[in-house]
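1. structure for the following, please:
(one chain, ligands or ions: 1)
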Amino acid sequence: MTAIKDLTDGRELVMVSNRLPVDRVTEPDGTKSWKTSPGGLVTAVEPIVEELGCVWVGWAGSADEQIDAFDEDAMRLVPVELSEEEIAEYYEGFSNATLWPLYHDVVARPEFHREWWERYKAVNARFAARVADEAPEGAVVWVHDYQLQLVPKMLRELRPDVTIAFFLHIPFPPTQLFAQMPWRRRLIEGLLGADVIGFQQVGDAVNFRHAAERYARVHSLGNTIMVPADDGTPTRSVVAQEFPISIDANAFSQLAKRDDVKSRAGEIRAEIGTGRRLMLGVDRLDYTKGIPHRLKAYGELLADGDVDSDEVVLVQVASPSRERVEAYQQLRDEVEGTVGRINGAFGSIKNAPVVYLHQSFDRREMAALYVAADALVVTPLRDGMNLVAKEYVACRNDEQGVLVLSEFAGAADELSDALLVNPHDIDGLKAGLLRALHMPLDEQQRRMRALRERVFDSDVSRWVQGFLGAVSAAADQRTQDERA
Ligand code: G6P
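-> Prediction:
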């Protein structure tokens, strides 16, 4: 394997994402501090930035706050300011009430508002301008995710010397759904400003290439899209290909081996009650994650008498997310109502069937929960990848435990030794949960070994090798073309 540091061939790296890897928080007493941002992005790219160092351009998570660039370990963090209106219309609006539901198979209804689109363009332009100011000559600029799809084209116009990579962490929808987007051609053209566009799954890359052919009238051959230039310069080629993201499997495995983590796992097991089986759910509180489906299936198992709260507990970690967006508020009400009803109907003074935690935990506590859990239940209706599933597998050094995984998570493509379920099929989901609870040890081991092999083999360094390898090849090609 090529060392990470050789992958960019000495070119400097600039990361661009909606959020910086750390979020600005204001404590109740008014003091300010920083905490790790939500979502899997930071965990995934941590090993790369630690080794390569980078400039990272992103929003600090607070409103109307002007913060100077600052250094943090190997990174120079460059905050982009967002106003209250921009947070409402660019972030909560176009990013999370238009693009997010549209790209996740319309599991909630996307809203299309022209003011949101104007705001999205304006904020993307600000990000592009900030990157143009910060990027060293000839750098590799790596733009992340759906909030910034216009940045590649905007940046190319400002800084033709840099190589631009884009990675979409969420699914790219089928053309029939993407067709609803009033500004579909503009989004495609925005992305086509990149040299390499990475997707989670083959299906996402295929969907994008179809959409590009239809709406931007470009041609593709295999993974390569030919983009004619309108200013008479030669046609550019853009690679649009899948590079499934992963985790630093070894780091999780090592964490799970630590004495403090093991003893915390022991405490958790003692707290839920000796002999009770622990099923775990870990999600951002998001309507794509299928939490109501999971609770419905579990509630029915309790009602049918197939599961008894003295013997089983479901610990559901639901970390707070996008709390001002209406669909998230409705989901929270629904989930909390259902948890209350299940606990009210089937709990006892000693044992509640659901332990619901609307909180975020640090990595150490998560590893302890993974080690303690007899099964991890991941039931999204649609998910780009789902790194939680991979984290659970990496932490199971004992080769035990069962992964119940939705077919609609990107991770299902690789983790076919999990118990695969369709969350819309409540009877099938109930059967999956029961099977997980009663799976014999030898079957658990056989499946977990196969899962671990896959997760350790395709870990984050493989992802980086693949993606940055393609970016580096594109950069070399550009240099050659310029010389010719
Ligand atoms: C997902 C997205 C990320 C996003 C994260 C947290 O993982 O792919 O782009 O940062 O969720 O969501 P938030 O809206 O809080 O940034």
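
2. can we go C-alpha only for contacts and neighbour counts from here?
-> OK.

3. name the nearest residue to whichever residue of the stretch 51-200 of the chain sits closest to the ligand, sequence neighbours excluded.
-> Using C-alpha to the nearest ligand atom, the closest approach of the stretch 51-200 of the chain to the ligand is made by H169 at 5.0 Å. Closest residue in space to H169, ignoring its immediate chain neighbours: D145 at 5.5 Å, by C-alpha to C-alpha, 6 or more residues apart in numbering.

4. same thing with E111?
-> Of all residues not flanking E111 in the chain, T98 sits nearest, at 5.1 Å (C-alpha to C-alpha, 6+ apart).

5. look up how far L187 lies from the one you found.
-> 13 Å (C-alpha to C-alpha, to the nearest Å).

6. with G198 instead?
-> As judged by C-alpha to C-alpha, G198 and L187 stand 15 Å apart.

7. now do V239
-> From V239 to L187 the distance is 17 Å (C-alpha to C-alpha).

8. now do D6
-> 32 Å.

9. between the two, which is the more surrounded one?
-> Taking neighbours as other C-alpha atoms under 10 Å, D6 and L187 compare with L187 leading, 21 against 13.

10. from the contact counts, what lies against the helix or strand containing the more buried one?
-> Assessed by DSSP states H and E, L187 sits inside helix 184-191. On a contact count with 3 or more C-alpha pairs under 8 Å, 6 or more residues apart in numbering; DSSP states H and E, helix 184-191 meets helix 151-158, helix 202-215.

11. again, only using 6 Å
-> For helix 184-191, the contact count by 3 or more C-alpha pairs under 6 Å, 6 or more residues apart in numbering; DSSP states H and E identifies helix 151-158 as packing neighbours.

12. which parts of the helix it packs on are buried?
-> Neighbour-count burial for helix 151-158 flags 151-156 (criterion: 16 or more other C-alpha atoms under 10 Å).

13. for the chain, which residues are neighbours of the ligand?
-> Residues of the chain lying close to the ligand (C-alpha under 6 Å from any ligand atom) are 38-40, 145, 169-170, 321-322.

14. can you select the buried ones from those in ChimeraX?
-> Buried residues within those, by 16+ other C-alpha under 10 Å, are selected in ChimeraX with:
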select :38,40,145,169,170,321
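
15. in TSV: the residues of the chain next to the ligand, plus pLDDT.
-> Formatted as TSV, the residues of the chain next to the ligand follow (pLDDT from 0 to 100):
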residue	pLDDT
P38	77
G39	72
G40	71
D145	97
H169	97
I170	97
S321	97
R322	97
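
16. can I get the residues of the chain next to the ligand in a markdown table with distance to V131 and secondary structure?
-> Compiled in a markdown table, the residues of the chain next to the ligand are given as follows (distance: C-alpha to C-alpha, whole Å; DSSP: H, G, I helix; E, B strand; the rest coil):
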| residue | distance to V131 | secondary structure |
| --- | --- | --- |
| P38 | 23 | coil |
| G39 | 22 | coil |
| G40 | 23 | coil |
| D145 | 16 | coil |
| H169 | 20 | coil |
| I170 | 23 | coil |
| S321 | 27 | coil |
| R322 | 26 | coil |
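
17. any weak-confidence spans in the stretch 151-300 of the chain?
-> Applying pLDDT under 70 to the stretch 151-300 of the chain flags residues 231-233.

18. now the helices for it?
-> Taking DSSP state H, counting those that start in this stretch as the test, the helices found in the stretch 151-300 of the chain are 151-158, 175-178, 184-191, 202-215, 249-257, 259-272, 291-304.

19. out of these, nearest to E482?
-> Nearest to E482, of all these, is helix 151-158, at 15.2 Å by C-alpha to C-alpha.

20. burial of the nearest residue in space to S458 that is not next to it in sequence, as a residue count?
-> Once flanking residues are discounted, S458 sits nearest to S246: 6.9 Å by C-alpha to C-alpha, 6+ apart. The number of residues packed around S246, counting by other C-alpha under 10 Å, is 28.
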